[in-house]
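Asks: Fold the following and give me the result.
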Amino acid sequence: MPKPRNQQICLEATPYYHCVSRCVRKAYLCGFDRTTQTSYEHRRAWLEEELLKQAQVFAIDIAAYAIMSNHYHVVLHINKAKADAWDLDEVIERWHTLYKGCALSQRYSAGQTLLDVELEVLKDIAEKWRKRLIKISWFMGRLNEKVSRQANFEDSCTGHFWEGRFKSQALLDEKALVACLAYVDLNPVRAKMAKTPDQSAYTSIKKRAEKAKTTHTINHPNQQVKSLMPFAGNPRNDMPAGLPFKLTDYLELVELTGRVIRDDKRGYIESNIPPILQRLGIEPETWMELTTKFEDNFKDLVGSPTLLDDAIALLNRKRRPSLQNCQALLS
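Replies: Model prediction:
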């Protein structure tokens, strides 16, 4: 039985989450239906555009994404500090970008003077909106609703487009995070939709690789793709906000891993171990297992056994999901 979201998402445990949404039955998100000879490739652009646009409104960063034929993956980072820094005007402006708001917020935005009691009520409402703008359930719910409405309109039908709720996995440490990032970015290569990661259409890795080719300071956060969470480099003092890896190391790692998967080898990186794997202490055999079977090996909490125990306590749960795989692959 699916667990409630409050037992899956906990900011005290981690701000990083891997989410997956799948189409119901044989509905097409993208791709080509050979039965009806209908192409749905244009829907990839719908989803990618809305995903990146929505991330600019929510206090949620996109760390990675891959849009497949009947499902999509996204790794999200909840940026609570960003949301806490918004004043009343910015919270209302952001909410109005997504929804109509309420009568008080509409009057406030129009420059009308509110009574003190009305202003206090509006502040309470805006605080609810602020909390929703860092919630993954609101982010994914709106994104999926937007795409399903467009798809149903195009197909001249009604009803469910997505399979129930989206799947969510909490990424508790750096090993889980980098493995999941690569797992998502390599989805099209594993599915034989692309020969190399940088040729994978509608993925974060393609955007990062294309941007890297046009700049001389690849690893500088300000010179990376603006719509994606930047790679800030290896952990250090006064580290800027961003993913705790060097972009060049990550691109090299994904390219090397994709080459091994594409050649249908037995899952071993025979050349020199990339710096990320060295720093995190991940063996090549373990890395191939992580990046090809991430969803199969783990349930909703992914990390070292110690961090798994900490997350279980914070979420007030008793069982430790996928404990054996966490011990074997992420200790």
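Asks: L114: which element?
Replies: Assigned by DSSP states H and E, L114 belongs to no helix or strand.
Asks: I figured it hits R107, correct?
Replies: Yes - with contact defined as CB atoms under 8 Å, L114 reaches R107; the gap is 6.5 Å. Heads up, the C-betas are built off the backbone N, CA and C, glycines and all.
Asks: Could you list the low-pLDDT ranges of the stretch 101-250 of the chain?
Replies: Along the stretch 101-250 of the chain, no part satisfies pLDDT under 70.
Asks: Which parts of it are helices?
Replies: 103-109, 116-132, 136-155, 174-185, 187-190, 204-212, 247-262 (DSSP state H, counting those that start in this stretch).
Asks: Which SSE is immediately downstream of the host helix or strand of A63?
Replies: Secondary structure assigned from DSSP H and E places A63 in strand 60-67. Toward the C-terminal end, the helix or strand that comes next after strand 60-67 (DSSP H and E) is strand 71-78.
Asks: Direction included, what does that following strand pair against?
Replies: Strand 71-78 has the following sheet partners, assigned by DSSP bridges: strand 16-22 (antiparallel), strand 60-67 (antiparallel).
Asks: one step back: tell me what angle the strand holding A63 forms with helix 136-155.
Replies: If you take axes from the mean of the first three to the mean of the last three CA atoms, to 10 degrees, strand 60-67 sits at 40 degrees to helix 136-155.
Asks: so strand 60-67 versus helix 247-262, what angle?
Replies: Using the same axes, to 10 degrees: strand 60-67 against helix 247-262 is 20 degrees.
Asks: any idea of the mean pLDDT for strand 60-67?
Replies: Across strand 60-67, pLDDT averages out at 97.
Asks: let's number from 16 now, not from 1
Replies: Renumbered: residue one is now 16, and that last one reads strand 75-82.
Asks: And it, how far out from the chain middle?
Replies: Centre-to-centre, strand 75-82 and its host chain are 4 Å apart (CA atoms, centre = their mean, to the nearest Å).
Asks: one step back: name the stretch among the helices of the stretch 116-265 of the chain that sits most buried.
Replies: Among the helices of the stretch 116-265 of the chain, the stretch with the highest mean neighbour count (mean count of other CB atoms under 10 Å) is helix 189-200, at a mean of 25.
Asks: circling back to that earlier point, TSV for the strands paired with strand 86-93, including mean neighbour count?
Replies: Formatted as TSV, the strands paired with strand 86-93 follow (neighbours: other CB atoms under 10 Å):
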stretch	mean neighbour count
strand 31-37	22
strand 75-82	24
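Asks: closest one to A224 among those?
Replies: A224 lies closest, by CB to CB, to one member of the strands paired with strand 86-93: strand 75-82, at 12.7 Å.
Asks: How about the most centrally placed residue in the chain: which residues does it bridge to?
Replies: The centre of the chain sits closest to V90, judged by CA atoms, centre = their mean, with a distance of 1.9 Å. V90 has these beta-bridge partners by DSSP bridges: H33, A79.
Asks: Quick check, it in contact with D76.
Replies: No - judged on CB under 8 Å, V90 makes no contact with D76 at a distance of 9.3 Å.
Asks: ok so, going back, wait, which of the helices of the stretch 116-265 of the chain is closest to L305?
Replies: Nearest of the helices of the stretch 116-265 of the chain (CB to CB): helix 189-200, 3.9 Å.
Asks: got any residues that touch both of V90 and D76?
Replies: Residues touching both V90 and D76 (CB atoms under 8 Å, 6 or more residues apart in numbering): none.
Asks: Other residues contacting the strand holding A78?
Replies: Residues outside strand 75-82 that contact it (CB under 8 Å, 6+ apart): 31, 44-45, 59, 62-63, 66-67, 70, 87-94, 148-149, 151, 154, 192, 195-196, 199-200, 202-203, 215, 217-220, 242-244, 258.
Asks: Next, the contact list for R274, please.
Replies: Counting by CB under 8 Å, 6+ apart, R274 touches T211.
Asks: For S242, see how far away it is.
Replies: Computed with CB to CB, to the nearest Å, the distance linking R274 and S242 is 27 Å.
Asks: Good, we can wrap up now.
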